[in-house]
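**Q** Sequence and computational prediction follow.
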Amino acid sequence: MSDDRFVPGTVHLVDLDGVLSAKHATGVQKDIVLVPAPSEDPDDPLAWSPRRKLLSTICVSVYTFAIGIASAAIYSVLDPIEKKETNYHRVAFVEHQKCSIDLVDTDSNIANGSVVTSTRNLDKQDVLTRPFPTPKIAQSNTTRRGGKSFLKKLRPLDSQILQYPNRMKAMVLRPLIFLTFPVIAYSGFSYGSNIVWFNVLNASSTLSALAAYPNAQSHPRIALYRNTLKEKCNVPSKKFPQSNESLYRRLIKEQRPLRPLNPVVDFYNSVSIKHGVTAGAFDLGELQTRSTAPLELRLSAAGDLFTALDAEAGAKPIDVAAGELVYAQESTVLTRQLAWRQAAQCLVSHETQNVIFMSEIFENEGESGLAQAVADDLKKGLRDFFGVVAQATILGHQEGILDVKVHNAFF
């Protein structure tokens, strides 16, 4: 007598003989068993038409790109994720090294793999002649309802949803179950509180430090920059505020953290705020592509041209008056009045691979060590946040030229 009992977990997906009474696909795929089977409910996603499925996919995609990705800030967790070896960085390898990553994967799989053999005694008669089991589906009465009209779909509240059992109470009480496990509850609360508290400290420590100053000009470091530039370089601080003063003004006025721009810009802005110094960066790759001429900190001369960062596309560069303290490459001015205004060229973006950072340090008489502290913070941050070993050089009246050499350092 044959055994027609199912093996636990068995699901038949293909019905070649047409003996199953379950729901099947239509057309050329009529031998495919639908698991799970779509219901008669017009709002059941399994019963949607191809047009409605496409519309749903488009809506989810638009929301993801417009809201989800735009409001996400995941760059701070990419490095820890990579250290956990989730292999997200293989995308970059495929982009830059093409087939080499496939060879690496193949070698590792071969090294870790081995041949596995097993034997099993099967009865030929059992395999060839055993009857095919047929699932038995009980008959049931189904109440069908019509689809919604367009106006009903636009209603903010659906009366049918209000008829469903209210599970809000159970959802609210469910976390309280963990209170019956004191060790787990205390550990989770302690861990979560520490994470939240450190985030609060990181966001408010700078604001707390600046709260003692009524304005940016009263900060001693900002005052030093203003006085030095006015006396030594003839740069009116009121008309040409430096980048560090602009950052402090925004922090003191808005009393909230700055809006993130991109990882590299946010990084050197944080160093600038911490030490009260000016800090900036240029795309080194673009500098080297534009010209073999060096990047210079000098006084502007006749013929120097400047295109502002906020200039309209296609705008003509303006002439820079002689005698301004500028960063320039040949006749292209990249910053005006030291660190007052930046040009549209050589900007650091998400696609930038090589960067040169600059920070102009003014120290009080008898003060020392600030330049080295800024350099150390830049190097440490680049190593910790971007995985890059950077070269730092302090230039002054004794050493005024730096030969930059790039050794495959990128981020």
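**A** Looks like it came in fine.

**Q** Give me the neighbour count for residue 282.
**A** 24 (other Cβ atoms under 10 Å). Bear in mind the C-beta positions are built from the backbone N, C-alpha and C, glycine included.

**Q** Which strand residues bridge it?
**A** Residue 282 has the following beta-bridge partners by DSSP bridges: residue 356.

**Q** Got the confidence number for it?
**A** With respect to pLDDT, residue 282 has a value of 94.

**Q** separation between it and residue 187?
**A** Using Cβ to Cβ, to the nearest Å, residue 282 is found at 48 Å from residue 187.

**Q** which residue ranges form the strands in this protein?
**A** Under the criterion DSSP state E, strands of the chain are mapped to 280-283, 295-299, 305-306, 318-319, 325-329, 332-336, 341-342, 355-358.

**Q** Using TSV, please lay out these together with distance to residue 155.
**A** Shown next, in TSV, are those (distance: least, Cβ to Cβ, whole Å):
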stretch	distance to residue 155
strand 280-283	52
strand 295-299	62
strand 305-306	57
strand 318-319	57
strand 325-329	60
strand 332-336	57
strand 341-342	52
strand 355-358	53
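
**Q** Could you check how far stretch 222-240 is from the centre of its chain?
**A** 38 Å (Cα atoms, centre = their mean, to the nearest Å).

**Q** Output that stretch as PDB, nothing but the C-alphas.
**A** Backbone C-alpha positions of stretch 222-240 (Å, rounded to 0.1, in the frame of the first residue of the first chain) are rendered in PDB as follows:
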ATOM      1  CA  ILE A 222      39.000  85.300  15.800                       C
ATOM      2  CA  ALA A 223      40.100  88.600  17.200                       C
ATOM      3  CA  LEU A 224      43.700  87.600  16.600                       C
ATOM      4  CA  TYR A 225      43.000  86.800  12.900                       C
ATOM      5  CA  ARG A 226      41.100  90.100  12.400                       C
ATOM      6  CA  ASN A 227      43.800  92.200  13.900                       C
ATOM      7  CA  THR A 228      46.700  90.400  12.200                       C
ATOM      8  CA  LEU A 229      45.200  90.500   8.700                       C
ATOM      9  CA  LYS A 230      44.300  94.100   9.100                       C
ATOM     10  CA  GLU A 231      47.700  95.300  10.400                       C
ATOM     11  CA  LYS A 232      50.000  93.000   8.400                       C
ATOM     12  CA  CYS A 233      48.100  92.300   5.200                       C
ATOM     13  CA  ASN A 234      45.700  95.300   4.900                       C
ATOM     14  CA  VAL A 235      42.700  93.000   4.800                       C
ATOM     15  CA  PRO A 236      39.600  94.700   6.400                       C
ATOM     16  CA  SER A 237      38.100  92.100   8.600                       C
ATOM     17  CA  LYS A 238      34.600  93.600   8.500                       C
ATOM     18  CA  LYS A 239      34.400  93.500   4.700                       C
ATOM     19  CA  PHE A 240      36.300  90.300   4.200                       C
END
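
**Q** ok, residue 32 - contacts?
**A** Residue 32 makes contact with 13, 14, 15, 24, 25, according to Cβ atoms under 8 Å, 6 or more residues apart in numbering.

**Q** same thing but at 6 Å, please
**A** Going by Cβ atoms under 6 Å, 6 or more residues apart in numbering, residue 32 touches residue 25.

**Q** Look up the residues forming beta bridges with it.
**A** residue 14.

**Q** OK, contacts around residue 228?
**A** residue 362.

**Q** at 10 Å instead, please
**A** With contacts defined as Cβ atoms under 10 Å, 6 or more residues apart in numbering, residue 228 is in contact with 235, 237, 360, 362, 363, 364.

**Q** Over to residue 177?
**A** By Cβ under 10 Å, 6+ apart, the residues touching residue 177 are residue 185.

**Q** what's the answer for residue 275, then?
**A** 221, 244, 359, 361, 370, 371, 373, 374, 377.

**Q** pLDDT score assigned to it?
**A** pLDDT recorded at residue 275 is 89.

**Q** got it, and residue 301?
**A** Reading off the model, residue 301 has pLDDT 93.

**Q** Identify the residue nearest it in space, chain neighbours excluded?
**A** Using Cβ to Cβ, 6 or more residues apart in numbering and skipping residues adjacent in sequence, the residue nearest residue 301 is residue 322, 5.5 Å away.

**Q** wait, that neighbour sits on residue 298?
**A** No. The criterion here is Cβ atoms under 10 Å, and residue 322 misses it with residue 298 at 11.1 Å.

**Q** Please enumerate the shared neighbours of these two.
**A** In contact with both residue 322 and residue 298: residue 304, using Cβ under 10 Å, 6+ apart.

**Q** one step back: hmm, which of the contacts of residue 228 are the buried ones?
**A** 235, 237, 360, 362 (16 or more other Cβ atoms under 10 Å).

**Q** now those residues in JSON lines, with distance to residue 197?
**A** JSON lines is the format used below for the buried ones among the contacts of residue 228 (distance: Cβ to Cβ, whole Å):
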{"residue": "235", "distance to residue 197": "42"}
{"residue": "237", "distance to residue 197": "38"}
{"residue": "360", "distance to residue 197": "36"}
{"residue": "362", "distance to residue 197": "36"}
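
**Q** Need the worst-confidence member of those residues.
**A** Lowest-confidence member of those: residue 237, scoring 84 (pLDDT).

**Q** give the contact list for residue 330.
**A** Taking Cβ under 10 Å, 6+ apart, we find residue 330 in contact with 290, 291, 292, 293, 294, 295, 296, 303, 304, 305.

**Q** What distance do you get for it to residue 291?
**A** Per Cβ to Cβ, residue 330 is found 6 Å from residue 291.

**Q** what residues go with each domain of this protein?
**A** Using automatic domain parsing, the domain ranges for the chain come out as 163-212, 220-386.

**Q** what's the offset of the shortest one from the middle of its chain?
**A** Put plainly, it is domain 163-212. The answer for domain 163-212 is 24 Å, by Cα atoms, centre = their mean.

**Q** All set, thanks.
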